[in-house]
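1. Take this sequence and fold it.
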Amino acid sequence: MPDLASWNPTRQTREDFEANARAGFDLVLKNYCETIESQAAGTGLKRTPKKRSREHFYWLARFQVRGDKPAQIWRFHPVQHRGSQRAVEKAIKELAKFIGLTLR
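-> Numbers count the residues shown, from 1 in each chain. Below you'll find the model as predicted:
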C-alpha cells in the first residue's frame with residue numbers, strides 16, 4: 001500500500017492519491033469496526049433492533065395523541081405501493097410494542 005500520509009505530486013496525480021487514500025481509510029475503518037464488533041460479541045453484547053421509518057413514529061403519535069384512527073391516518077398519508085390501512089395499523093402496533101408503549 002502506498003504512503004497515504006503524504007502526497008507527492010511529482011509521482012502521483014491528486015486523483016490517484018485521493019482514491020488510494022480513500023481505499024486505505026475504508027480498509028482501516030472496516031477492520032476497526034469488525035474488531036470492535038467481534039470484541040462486543042465476545043462479551044455477550046447483542047445488536048439492538050433498529051426502527052428507521054420516521055413515518056411510523058408520526059402515525060403512532062397521530063393515533064396515540066390526536067386519537068386518529070388508522071383509516072384517517074392512511075387517508076391523510078396513503079402508504080404508496082406498500083400496503084393499505086392495515087399497514088398503518090400494523091406499523092402503529094409494532095412500533096408501540098417496540099418502544100414499550102401501551103396503546104390507548
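
2. how distant is stretch 58-65 from the center of its chain?
-> 21 Å (CA atoms, centre = their mean, to the nearest Å).

3. Can you give me the end-to-end span of that stretch?
-> Stretch 58-65 has an end-to-end distance of 10 Å (CA to CA, to the nearest Å).

4. Tell me which residues of it come out buried.
-> By neighbour count on 16 or more other CB atoms under 10 Å, the buried set for stretch 58-65 is 59-60, 62-63. To be clear about C-beta, it is placed using only N, CA and C from the backbone, and glycine gets the same treatment.

5. Using JSON lines, lay out those together with secondary structure, distance to residue 18 and pLDDT.
-> JSON lines is the format used below for the buried residues of stretch 58-65 (DSSP: H, G, I helix; E, B strand; the rest coil; distance: CB to CB, whole Å; pLDDT from 0 to 100):
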{"residue": "59", "secondary structure": "helix", "distance to residue 18": "44", "pLDDT": "93"}
{"residue": "60", "secondary structure": "helix", "distance to residue 18": "44", "pLDDT": "95"}
{"residue": "62", "secondary structure": "helix", "distance to residue 18": "47", "pLDDT": "95"}
{"residue": "63", "secondary structure": "helix", "distance to residue 18": "49", "pLDDT": "96"}
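
6. Domain map for the protein?
-> 1-47, 54-99 (automatic domain parsing).

7. ok, residue 11 to residue 58 distance?
-> 54 Å (CB to CB, to the nearest Å).

8. circling back: now for the buried residues of stretch 58-65: which two are most distant?
-> 60 and 62 (7.4 Å; CB to CB).

9. Alright, calling it a day.
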